[in-house]
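*Asks:* The amino acid sequence is not available; the structure is as follows:
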């Protein structure tokens, strides 16, 4: 049917337009005036009001205009179809990553205060002596402008012999909050702010905090195992393992949430280039590349488990009206479940193997 509703139109005009010989042609009867809405349905009748089982209007003008109730029913339109309008996703407020930044800076200040270079008789020429006890060790000993290795060891640096023989396993975690020098601290903290804040805003502080700790632990385990294979005694400090874990998680997050990205190949290419450049820097002398690789692998697999997002087009059921009869998408794709379960198994086996390798646990034999 075709109905026309006009504002300010008198009932006499309606009756005249329906009567034969009313002075209007067929085109003029169905032409919508500028301020009218035209509502169409599947079936159209020769007469504008021939609907609801009613016959064509009478040609007798003396019968007067149609009843008001009938006119209102004719003007009544179909209700609009239900629409799904979920609210836009709000980003998380980032507070954990700035707190991590603050803790790292405070720990470096405490380290330099405890180091107290001027009080060491064997190092009379400290760098920037006007800083007093906060002055740095000589360049020949620490070219990154920081404390001595002895100070870092006392405050919790990673040293395999102390971890295994003295039972100081806490060093696997405390070494993530220490830095060998000012240059080392600046590079890591800039990376932490640029990468960590973005991830925390998308996934929240719980998942990013867990990711940071697990990736840092993976880097510490890899570094401790590597120390066993070299003859030179050395200590390892820094948040690089955890930061490489964040990069690895960004890569796995791109893979598992592939459907929600528009420029997938460009994002993948940029991420691969950034990761490759950072891994290449790990081969500079006196840089612990094993911690970088271990943290990256740990973060890569953790990302498949905790950084999963709903697939494109998914809408939570609480935002769907009860009258909606369309087909709904599932929350996740099937391959997201496969990747998550596989990554979880790899993480359990990997951490178990790393701890066993670190503490020289003999392999289990003659299992039933």
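*Replies:* In hand now; what should we look at? Model, not experiment: these values are computed from the prediction.
*Asks:* now the helices for the protein?
*Replies:* Secondary structure of the chain (DSSP state H): helices at 11-18, 26-30, 68-75, 96-115, 149-155, 160-164, 171-174, 182-191, 197-203, 205-228, 240-256, 264-281, 289-306, 334-358.
*Asks:* Between the ones you listed, which one is closest to residue 320.
*Replies:* Closest approach to residue 320 among these is made by helix 334-358 (21.5 Å; Cβ to Cβ). Quick note: C-beta positions are derived from backbone N, CA and C, even for glycine.
*Asks:* Show me what that closest one is packed up against.
*Replies:* Judged by 3 or more Cβ pairs under 8 Å, 6 or more residues apart in numbering; DSSP states H and E, the packing partners of helix 334-358 are helix 160-164, helix 205-228, helix 240-256, helix 289-306.
*Asks:* Make TSV out of those and add mean neighbour count, mean pLDDT and distance to residue 98.
*Replies:* As requested, the helices and strands packed on helix 334-358 are arranged in TSV below (neighbours: other Cβ atoms under 10 Å; pLDDT from 0 to 100; distance: least, Cβ to Cβ, whole Å):
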stretch	mean neighbour count	mean pLDDT	distance to residue 98
helix 160-164	17	90	30
helix 205-228	23	94	11
helix 240-256	24	93	15
helix 289-306	25	94	20
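*Asks:* Turn those into CSV, including distance to residue 172.
*Replies:* Shown next, in CSV, are these (distance: least, Cβ to Cβ, whole Å):
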stretch, distance to residue 172
helix 160-164, 7
helix 205-228, 4
helix 240-256, 10
helix 289-306, 11
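*Asks:* between these, which gets nearest to residue 175?
*Replies:* Distance to residue 175, taken as Cβ to Cβ, is lowest for helix 205-228 among the helices and strands packed on helix 334-358, at 6.0 Å.
*Asks:* by how many degrees do that closest one and helix 334-358 diverge?
*Replies:* 40 degrees (axes from the mean of the first three to the mean of the last three Cα atoms, to 10 degrees).
*Asks:* Low-confidence ranges, this structure, go.
*Replies:* 1-86, 122-124, 231-233, 285, 326, 363-368 (pLDDT under 70).
*Asks:* Spatially central, which residue of it would that be?
*Replies:* residue 202 (3.7 Å; Cα atoms, centre = their mean).
*Asks:* wait, what's in contact with that one?
*Replies:* Listed by Cβ atoms under 8 Å, 6 or more residues apart in numbering, the contact set of residue 202 reads 91, 92.
*Asks:* Going forward, count from 11.
*Replies:* Got it, first residue is 11 now, which makes that one residue 212.
*Asks:* on that earlier part again, ok, which of the helices and strands packed on helix 344-368 comes nearest residue 204?
*Replies:* helix 250-266 (9.9 Å).
*Asks:* So which elements touch the closest one?
*Replies:* Using 3+ Cβ pairs under 8 Å, 6+ apart: helix 250-266 touches helix 192-201, helix 207-213, helix 215-238, helix 274-291, helix 299-316, helix 344-368.
*Asks:* buried stuff in the fourth one?
*Replies:* Read that as helix 274-291. Residues of helix 274-291 classed as buried under the neighbour-count rule (16 or more other Cβ atoms under 10 Å) are 285, 288.
*Asks:* Look up how far residue 264 lies from residue 278.
*Replies:* Residue 278 sits 6 Å away from residue 264 when distances are taken as Cβ to Cβ, to the nearest Å.
*Asks:* just residue 140 next, same as before
*Replies:* From residue 140 to residue 264 the distance is 48 Å (Cβ to Cβ).
*Asks:* Ok, residue 191 next?
*Replies:* In terms of Cβ to Cβ, residue 191 sits 33 Å off from residue 264.
*Asks:* Equivalent analysis for residue 163, please.
*Replies:* From residue 163 to residue 264 the distance is 39 Å (Cβ to Cβ).
*Asks:* same deal with residue 227?
*Replies:* For residue 227, the distance to residue 264 - Cβ to Cβ - is 23 Å.
*Asks:* Please apply the same query to residue 150.
*Replies:* 44 Å.
*Asks:* How about residue 342?
*Replies:* 16 Å.
*Asks:* what do you get for residue 284?
*Replies:* On the measure of Cβ to Cβ, residue 284 and residue 264 end up 12 Å apart.
*Asks:* What about the nearest residue to residue 199 once chain neighbours are set aside, how many residues nearby?
*Replies:* Spatial nearest neighbour of residue 199, chain neighbours left out: residue 111 (5.5 Å); criterion: Cβ to Cβ, 6 or more residues apart in numbering. Using other Cβ atoms under 10 Å, the number of residues around residue 111 comes to 18.
*Asks:* Report the contact partners of residue 111.
*Replies:* Neighbouring residues of residue 111 by Cβ under 8 Å, 6+ apart: 199, 202, 203.
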